[in-house]
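Undergrad: Return atomic coordinates for the entry below.
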Amino acid sequence: MREQFLANEPARERDHARQYEYLILTVNKGESLKEARRALVEHAEYGKWDLVRTRLYLGGSRKYWLRRRIMRVEATI
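TA: Predicted structure coming up:
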C-alpha cells in the first residue's frame with residue numbers, strides 16, 4: 001500500500017473554490033482489501049479525510065483519492 005500527497009500548484013492556491021489537499025492511496029493486486037479498508041477508515045476518522053474517488057484498474061490494483069479542507073487561520077491581533 002502506498003500513500004502519496006498531491007502538492008498544491010500555484011493555480012490552485014489562488015483559486016478560492018479549491019481549498020483542499022489530496023491524498024492518493026494505492027493498493028496493489030496482492031494486498032489485502034481488509035488492510036486498505038482499515039487504512040481508509042483511520043484516515044477518515046483521525047485525519048478528517050473524505051473519500052472522493054475510487055478506481056479499480058484492469059490489473060487488479062485500486063486507487064483511492066481522499067481530500068480534506070485546508071484550514072487557514074488568520075491572525076486577529
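Undergrad: only C-alpha atoms for contact and neighbour calcs from this point on.
TA: Fine.
Undergrad: Give me the helices and strands touching the lengthiest helix in the chain, please.
TA: What stands out as the longest helix in the chain, according to DSSP state H, is helix 33-46. If you count contacts as 3 or more C-alpha pairs under 8 Å, 6 or more residues apart in numbering; DSSP states H and E, helix 33-46 packs onto no helix or strand.
Undergrad: Just the residues contacting that helix, thanks.
TA: Residues outside helix 33-46 that contact it (C-alpha atoms under 8 Å, 6 or more residues apart in numbering): M1, V27, W49, D50, L51.
Undergrad: what's M1 in contact with, if anything?
TA: Residues near M1 by C-alpha under 8 Å, 6+ apart: L25, T26, V27, N28, E31, A36.
Undergrad: how close does it get to R38?
TA: Separation of M1 from R38 (C-alpha to C-alpha, to the nearest Å) stands at 12 Å.
Undergrad: swap in Y64?
TA: 13 Å.
Undergrad: try A75
TA: Counting by C-alpha to C-alpha, the gap from A75 to R38 is 37 Å.
Undergrad: Who has more neighbours out of those two?
TA: Set side by side, A75 and R38 show more neighbours around R38, with 11 against 5, by other C-alpha atoms under 10 Å.
Undergrad: Look at the more buried one and report its pLDDT.
TA: On pLDDT, R38 comes in at 94.
Undergrad: For stretch 69-77, measure first residue to last.
TA: OK, stretch 69-77 end separation, C-alpha to C-alpha: 24 Å.
Undergrad: and that stretch, how far from the chain's centre?
TA: 22 Å (C-alpha atoms, centre = their mean, to the nearest Å).
Undergrad: can you check stretch 35-47 too?
TA: Centroid separation between stretch 35-47 and its chain, computed with C-alpha atoms, centre = their mean, is 11 Å.
Undergrad: what about the nearest residue to W49 once chain neighbours are set aside, distance to K34?
TA: Nearest residue to W49, sequence neighbours excluded (C-alpha to C-alpha, 6 or more residues apart in numbering): R68, at 4.9 Å. Applying C-alpha to C-alpha, the value for R68 to K34 is 23 Å.
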